[in-house]
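J.: Curious how this folds, go ahead:
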Amino acid sequence: MDDAKSARDQRLLMFSIWASAGFAVLSSVWGILSGSSMIVFDGLYSFVSIGLSVLAVLALRFSGRGADERFPWGRDAAEPLVVVIKAATLGALCAYAAVGGILDIVNGGREVAVGSAVVYAAVATLGGLTVGLVLRRATRDGSNLVRAEAAEWLGDALLSVGVLIGFLVAYALVTAGRADLAAYVDPVMVTLVSLAFLWVPVKLIVSSLREILSMAPEGEVLDQLRACVAAVEERYGFSESFLRASKVGNRVDIEIDFVVGAESAIRTIADADTVRQDLHDRLAALGYERSVVVTFTADRRWAE
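T.: This is a model prediction of the structure:
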């Protein structure tokens, strides 16, 4: 990974860590004072995020050390591995909170200072949206770890909107003299929100496992690679081309086999190097770190 990009990504992750720390302290204290298990859950989620974000920074520094004799293809696999660990931990926390919410419902609900809870939900929505957008705008060419942070914050902000609506409903019920019904709002929201939160870690786990298992990259990346190979194939008159690719972190591993026919413009090693340079320039424009193998054959069975 480029040193400047690595340094920038580390700064973004540290920004996320400090923001998580602030929200963790705020929501924990606020939740205890208001009696809301929903707000306490938000605080616990933030505290777990802090530790996992620190792990993400360490992984980013590790992967930034590049290739050596022990890691001939680099250390980029550390990024999706950490994302899986982070997502699995957050998923377990969500499942635990969902069980707690269900138990509260069975036991008759929970009394909450709904006015204070409404204010918190509004603050959490604005704060999560702000941090998420800052990270998202900076991740167009950033690492998967920063993208995961942005997805987590935006998902948190989206669900905070639902929490805000729920507390407003509870406030309306209390005002209408139905505090007995309002007591169920907080545990119901804990259950629903924790279950809804599960889609974020599940999505991150699926995406990262694709990289760890060296599966083909997702559609957009694969389409970009195919377009580069197809352009080179047409330009130099190859009979056929075979593309194999996988993406690990910000590095794309690519193997391309060109089938040389009678009409192909390749006759010498110098011609082959010209093709490699053309292909290199096209792939470099995509912005990924690359490990590229290019071969030429007149017999397609060696390329299949």
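J.: For stretch 56-70, measure first residue to last.
T.: 21 Å (C-alpha to C-alpha, to the nearest Å).
J.: At which residues are the strands of the stretch 201-304 of the chain located?
T.: For the stretch 201-304 of the chain, the strands defined by DSSP state E, counting those that start in this stretch cover 240-248, 251-259, 289-297.
J.: average model confidence for the second one?
T.: Read it as strand 251-259. The predicted model assigns strand 251-259 a mean pLDDT of 90.
J.: Mind checking the strands of the stretch 201-304 of the chain for the one nearest to Leu192?
T.: strand 240-248 (34.3 Å; C-beta to C-beta). Where C-beta positions appear, they are placed from N, C-alpha and C, glycine not excepted.
J.: For that closest one, buried residues please.
T.: In terms of neighbour count (16 or more other C-beta atoms under 10 Å), strand 240-248 has its buried residues at Ser241, Phe242, Leu243, Ala245, Ser246, Lys247, Val248.
J.: I'd guessed the third one sits against Cys228; true?
T.: No. Under the contact definition of C-beta atoms under 8 Å, Leu243 does not touch Cys228, with a separation of 9.0 Å.
J.: for this protein, which spans come out with low pLDDT?
T.: Residue ranges of the chain with pLDDT under 70: 1-6, 139-145.
J.: mind giving me the domain ranges of it?
T.: Taking automatic domain parsing as the reference, the chain has its domains at 3-212, 219-302.
J.: any idea which of the ones you listed is most buried?
T.: Among the domains of the chain, domain 3-212 has the highest mean neighbour count (mean count of other C-beta atoms under 10 Å), at a mean of 19.
J.: Next, give phi and psi for Val112.
T.: Val112 adopts backbone torsions of phi -140, psi 140, taken as degrees, to the nearest 10.
J.: was I right about it contacting Tyr171?
T.: No. Using C-beta under 8 Å, Val112 is not in contact with Tyr171; the gap is 9.8 Å.
J.: what about the helices in the stretch 101-250 of the chain?
T.: Using DSSP state H, counting those that start in this stretch, the helices found in the stretch 101-250 of the chain span residues 114-137, 144-175, 179-182, 185-197, 199-212, 219-236.
J.: Distance from the chain centre to the longest one, please.
T.: So the one you mean is helix 144-175. 18 Å (C-alpha atoms, centre = their mean, to the nearest Å).
J.: Can you give me the distance of Tyr184 to Thr175?
T.: 16 Å (C-beta to C-beta, to the nearest Å).
J.: ditto for Ser27
T.: 25 Å.
J.: same question, Val134
T.: 37 Å.
J.: Please apply the same query to Thr130.
T.: 30 Å.
J.: Okay then, goodbye and thanks.
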